[in-house]
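**Q** Give me coordinates for this.
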Amino acid sequence: MQDVIEKQPSGREGITPSMPVQYLKGVGPARAAVFEKLSVRTVADLLEYFPRDWVFAPERIKIAELKPEEPATILALVESIDYQEYRRPPIFEVIAADDTGICRIVWFNGGYLRNQIRLGKLILASGKTGIYKHQLQMTNPKFMMLDETHTDPERHFSGGVYPASGRLSSRQMKQIVLPVLEHLDDLVEEFYDEAVLKENRLIGRREAFAWVHMPPDEQKLDQAKRRLKYDELFLMQLGLAMRRHHTQHDASATPCVRPKRSTAEFAGDFPFCSQRTRTPPYPRSSRT
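**A** As a prediction, this is how the structure comes out:
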């Protein structure tokens with residue numbers, strides 16, 4: 001848990017649904033102000049800040065298994081780097097290799113990558129593979145440079161795409177959310193017993209939060225959405241039922257008190273109701 005939270009001012013350490021997001025690792029006061037504008041104030045709010053879209057990266061394979069025009073994810077060692085500034089458009093080229101082969105990776109207008117990709121480092125790249133001059137090539141793939149702190153790195157390619165702001169990108173939000181998901185046992189309570197879950201074919205509430213933020217596949221994402229929608233409708237119906245019960249059994253109507261003045265006296269306050277001033281809206285007909 002030490003890698004998820006920062007020490008709170010009170011000296012307590014722990015993560016709870018009501019804890020301000022400011023004390024999550026990677027947030028702080030500045031980003032907490034950005035979250036505030038998104039109506040995300042607590043850890044519970046953060047868990048319910050659902051992605052607006054989801055991306056599923058291809059399964060990681062060896063370079064020798066790559067096939068042209070098919071998406072794939074590879075993990076390889078950067079063996080050479082070449083920035084061809086004279087090309088139009090300029091090209092940033094990497095030759096990466098694993099124990100089965102080599103792959104050329106290029107980014108157009110990729111000069112900004114000179115400070116990100118380093119020789120001798122591992123790169124995780126995900127994209128569509130093609131053939132260029134009889135050699136495998138990935139063009140403009142997503143990528144991540146790896147170090148010893150990265151476990152299960154593919155999850156940074158897959159998962160939710162969050163509604164972002166100008167000062168907080170979707171990727172930054174994901175880096176804040178993912179560690180919190182490891183503590184769902186302490187943060188999320190189940191509403192129903194096993195019989196209700198089985199009868200309605202629902203997954204657990206903790207699984208629903210885990211899968212809506214980081215779904216293993218589209219089927220599990222659908223299960224997570226269904227469970228959370230079910231909960232939302234259940235809570236809405238429960239609230240309406242409680243309100244109706246209160247109205248029927250606890251609430252009392254304000255009594256209507258009859259005024260002491262007579263109706264004639266009351267009507268006399270209004271000229272259009274007065275017998276002295278009222279005239280027929282049309283001439284009275286006379287019979288002959």
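**Q** who's in contact with the closest residue to residue 62 other than its chain neighbours?
**A** In this structure, residue 62 finds its nearest non-sequential neighbour in residue 100, 4.4 Å apart by CB to CB, 6 or more residues apart in numbering. C-beta coordinates here come from the backbone N, C-alpha and C atoms, glycine included. For residue 100, the contacting residues are 62-65, by CB atoms under 8 Å, 6 or more residues apart in numbering.
**Q** Separate out the buried members of the residues you listed.
**A** The neighbour count (16 or more other CB atoms under 10 Å) marks residue 63 as buried among those.
**Q** quick one: which two of the contacts of residue 100 are the most distant?
**A** 63 and 65 (7.3 Å; CB to CB).
**Q** What separation do you get for the residue nearest to residue 62 and residue 68?
**A** 16 Å (CB to CB, to the nearest Å).
**Q** Could you do residue 146 as well?
**A** Residue 146 is 26 Å from residue 68, by CB to CB.
**Q** Over to residue 128?
**A** 9 Å.
**Q** okay, those two: which has more neighbours?
**A** Ranked by neighbour count (other CB atoms under 10 Å), residue 128 and residue 68 place residue 128 first, with 15 against 10.
**Q** for the residue lying closest to residue 120 once chain neighbours are set aside, which residues make a bridge with it?
**A** Nearest residue to residue 120, sequence neighbours excluded (CB to CB, 6+ apart): residue 78, at 6.5 Å. Beta-bridge pairing of residue 78 under DSSP bridges involves residue 96.
**Q** swap in the one 5 residues further on?
**A** Note on residue 83: beta-bridge partners residue 92, judged by DSSP bridges.
**Q** tally of neighbours for it?
**A** Neighbours of residue 83 (other CB under 10 Å): 17.
**Q** can you list contacts of the strand or helix carrying residue 128?
**A** Assigned by DSSP states H and E, residue 128 falls within strand 122-132. Contact partners of strand 122-132, identified using CB under 8 Å, 6+ apart, comprise 57-58, 60, 66-78, 94, 96, 103-105, 117, 136-146, 153-154, 157.
**Q** Could you do stretch 77-91 as well?
**A** Residues from elsewhere that reach stretch 77-91, judged by CB under 8 Å, 6+ apart: 92-98, 102, 106-111, 113-114, 117-123.
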